[in-house]
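Participant: Sequence first, then the predicted structure:
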Number of protein chains: 2
Amino acid sequence: MKTYNLAILGGSGAVGYEMLKLLIDRNFPIKNLYLFASKKSAGKKITYKDKSYIIKELHNSSFKDIDIVLGAIDAKIMKSYLPAIMQDGAILIDNSSAFRMEKGIPLVIPEINPQDIYTHKGIISNPNCATIIALTALYPLHQHAHIKRMIVSTYQAVSGAGEKGINELKEQIQGSFAHQVFPYPIAFNLIPQIGDFEQNDYTSEEMKMQNEGRKILNQNDLSISCTCVRVPVYRSHSLSIYVEFEKEIDVSTAKNLLADAKGVILLDDNTQYPMPLYSSEKDDVYVGRIRQDLKNKNHALHLWCCGDQLRKGAALNAVQIAELLIKNHV
Amino acid sequence: MKTYNLAILGGSGAVGYEMLKLLIDRNFPIKNLYLFASKKSAGKKITYKDKSYIIKELHNSSFKDIDIVLGAIDAKIMKSYLPAIMQDGAILIDNSSAFRMEKGIPLVIPEINPQDIYTHKGIISNPNCATIIALTALYPLHQHAHIKRMIVSTYQAVSGAGEKGINELKEQIQGSFAHQVFPYPIAFNLIPQIGDFEQNDYTSEEMKMQNEGRKILNQNDLSISCTCVRVPVYRSHSLSIYVEFEKEIDVSTAKNLLADAKGVILLDDNTQYPMPLYSSEKDDVYVGRIRQDLKNKNHALHLWCCGDQLRKGAALNAVQIAELLIKNHV
């Protein structure tokens, strides 16, 4: 069996660690696995299942002999390393926003548009975490009734800002009022700002779902209006979604489609529903609370979904793309 | 100046205590003020601004000489005391859901339908907390452009379930996993169920906004689809709202209307927005994050609002109704 040299960029971070765990747990055919990060983390030891990895400092010379690079670092830094990766012929699967909206660079959710990997020219982008969770949940319904429009309110976990987000909430819960990662204290609070404000008063995080959703579903008239809110939850993003379809759809059809879908678990029986505490460290996206809209009864649904944004929202989706690449010899 | 005998039912609870504070702080013309509760709380001393009140056990004979009863007890128990209150000729301003949807009983938000108090026959109902916060925020826009439809996702504080909800979150934060007030642990979690499930799969809390909204705005075709979620926040409910209007409305008009409105504070400049930590123990409803919908550009807005559900969402609204009654000699 062919094996591969892999590099994780951002190996000391929350998403990088999930990538490592998934590669091991899913028996990815690894020849050598390298973890890179900035100088600050170099030398740090990362251990998983009795095996240790020493974080190396990332350099332009880090990509020699690497087949697949999994990127879990900041968009700006990612961009600066692109020439070196390209020169050494590695394929980059990038979790940053650096290349997502660039023409010709595939943006892939394996359950939705796996065929797009064939068009890659060295880079495949991993979508935004909330976008992956929402679209994975909705795609089985889209195939049946075709989504026209979505209105989404998010409830996003602090680990969406990495380990430092987790630590800031932990310290605030212990009584510290200091905040550095988030613009205001998050303990016992809600912050309706994720990312920066754009000209239309939406935040960058709020615009990602429409922009990336249009590209992933290859549908330029898709309208997704989001309100993104940070909540004092450690892990797993949750979303309250109103979704309008071209064709008729009812609640029982939607439940049947979701019960059969890959990557999705339906949890909808009035005593059970998705909750972030229970979808954490799970691979699937959990969907429930499916209801007819009270006005647009035959063409619109409300639902609630939760997914681990470090897993399916980031690391798992990237590893699934890597698996697609080697399986299809792309 | 005429003074009144008042009774607070549920004087040992979170809403009852807010009622006491507001009556004192707003210089309500009190002759005597009595706090009643169940046998369990009888004898307990409640102190505010150096004045103490001993909780008395509630009996059918408690309403002699009482002019105004402020009800902050469970709907079922409230119903059982109604004959005694009526017999003694007191006016009941009731915060429970017992009589809200009954024909002929006014359901009042003083900023919206103060005129409805004139039709009372001994009972005036105080609306559901999330409904008060949403409608107070939206009414200035409704007067201008007429609301047709709303899609609401709530982020509701644990004190919506009273003192016991606050204590349950506090204990869970300290490491206890026990839960009794909420159906699942709420610390570091989100629970997308408030109230009981109805036949259409919406919860009782989710249906209140449409049912009560139609009555308060006197508009039977109003459609409000809600998803109500409990969040690990101590105080102040927050709401992400999509609102569709009959007439055209733009963001700057909406901001101007809200800046001038009574009971509302506009907080919308990209570094400031409403947050529950900051709207707690405040009287006004805070509104911000006002944006055009990305599809329905001229007739729909998204916004975010926070309000203290124990104040404007409950106790303050009830005290404002009492003030209207005595001011207008109704």
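Facilitator: Perfect, I can see it now. Being a predicted model, the structure only gives us computed values, none of them experimental.
Participant: A:K40 - how many residues pack around it?
Facilitator: Neighbours of A:K40 under the rule other Cβ atoms under 10 Å in any protein chain shown: 10. Any C-beta I mention is one placed from the backbone N, CA and C, and that applies to glycine too.
Participant: Could you look up the SS state of it?
Facilitator: helix (DSSP: H, G, I helix; E, B strand; the rest coil).
Participant: Which residue, other than its chain neighbours, is closest to A:C129?
Facilitator: Leaving aside its chain neighbours, A:C129 sits nearest to A:G313 (3.2 Å; criterion: Cβ to Cβ, 6 or more residues apart in numbering or on different chains).
Participant: What's the separation between that neighbour and chain B?
Facilitator: 16 Å (Cβ to the nearest Cβ, to the nearest Å).
Participant: which residues touch that residue?
Facilitator: Listed by Cβ atoms under 8 Å, 6 or more residues apart in numbering or on different chains, the contact set of A:G313 reads A:C129, A:A130, A:I132, A:I133, A:H237, A:G307.
Participant: In helices only, show me those residues.
Facilitator: The members of the contacts of A:G313 that map onto helices under DSSP state H are A:C129, A:A130, A:I132, A:I133.
Participant: secondary structure element for A:R214?
Facilitator: Element membership for A:R214, per DSSP states H and E: helix A:204-216.
Participant: Partner strands of the helix or strand following that helix and their direction?
Facilitator: Counting by DSSP H and E, the next helix or strand C-terminal to helix A:204-216 is strand A:223-227. When sheet partners are counted by DSSP bridges, strand A:223-227 sits next to strand A:147-155 (parallel).
Participant: is any part of the helix or strand that the strand it pairs with is followed by close to chain B?
Facilitator: The first helix or strand that comes after strand A:147-155 along the chain, using DSSP H and E, is helix A:163-173. Yes. Residues of helix A:163-173 contacting chain B under Cβ under 8 Å from any Cβ of the partner chain: A:I173.
Participant: burial count for A:S252?
Facilitator: 9.
Participant: picking up where we left off before, closest to chain B out of the contacts of A:G313?
Facilitator: Here the nearest of the contacts of A:G313 to chain B, counting by Cβ to the nearest Cβ, is A:H237; it sits at 10.1 Å.
Participant: show me what contacts that closest one?
Facilitator: Contacts for A:H237 (Cβ under 8 Å, 6+ apart) come out as A:129-130, A:133, A:154-157, A:160, A:276, A:306-307, A:309, A:313.
Participant: ranges for the helices of chain A?
Facilitator: A:14-25, A:75-87, A:129-145, A:163-173, A:204-216, A:251-260, A:276-279, A:316-327.
Participant: To B:E206, which of these lies closest?
Facilitator: Nearest to B:E206, of all those, is helix A:251-260, at 14.7 Å by Cβ to Cβ.
Participant: So which bits of the closest one are buried?
Facilitator: Going by neighbour count (16 or more other Cβ atoms under 10 Å in any protein chain shown), the buried part of helix A:251-260 is A:V251, A:A254, A:K255, A:L257, A:L258.
Participant: repeat for stretch A:122-132
Facilitator: A:I123, A:I124, A:S125, A:N126, A:P127, A:N128, A:C129, A:A130, A:T131, A:I132.
Participant: Name the nearest residue to the last one, sequence neighbours excluded.
Facilitator: Residue nearest to A:I132 in three dimensions, not counting chain neighbours: A:G313, with 5.0 Å by Cβ to Cβ, 6+ apart.
Participant: Quick one: the ones in helices among the contacts of A:G313 as a markdown table, columns for distance to A:V319 and pLDDT too.
Facilitator: A markdown table is the format used below for the ones in helices among the contacts of A:G313 (distance: Cβ to Cβ, whole Å; pLDDT from 0 to 100):
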| residue | distance to A:V319 | pLDDT |
| --- | --- | --- |
| A:C129 | 15 | 98 |
| A:A130 | 19 | 98 |
| A:I132 | 13 | 98 |
| A:I133 | 16 | 98 |
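Participant: follow-up on the earlier one: so which of the buried residues of stretch A:122-132 is the closest to A:V181?
Facilitator: Relative to A:V181, the closest of those is A:C129; by Cβ to Cβ it sits at 16.2 Å.
Participant: which residues touch the closest one?
Facilitator: A:G160, A:H237, A:Q309, A:L310, A:G313, A:A314.
Participant: With that, I have no additional questions.
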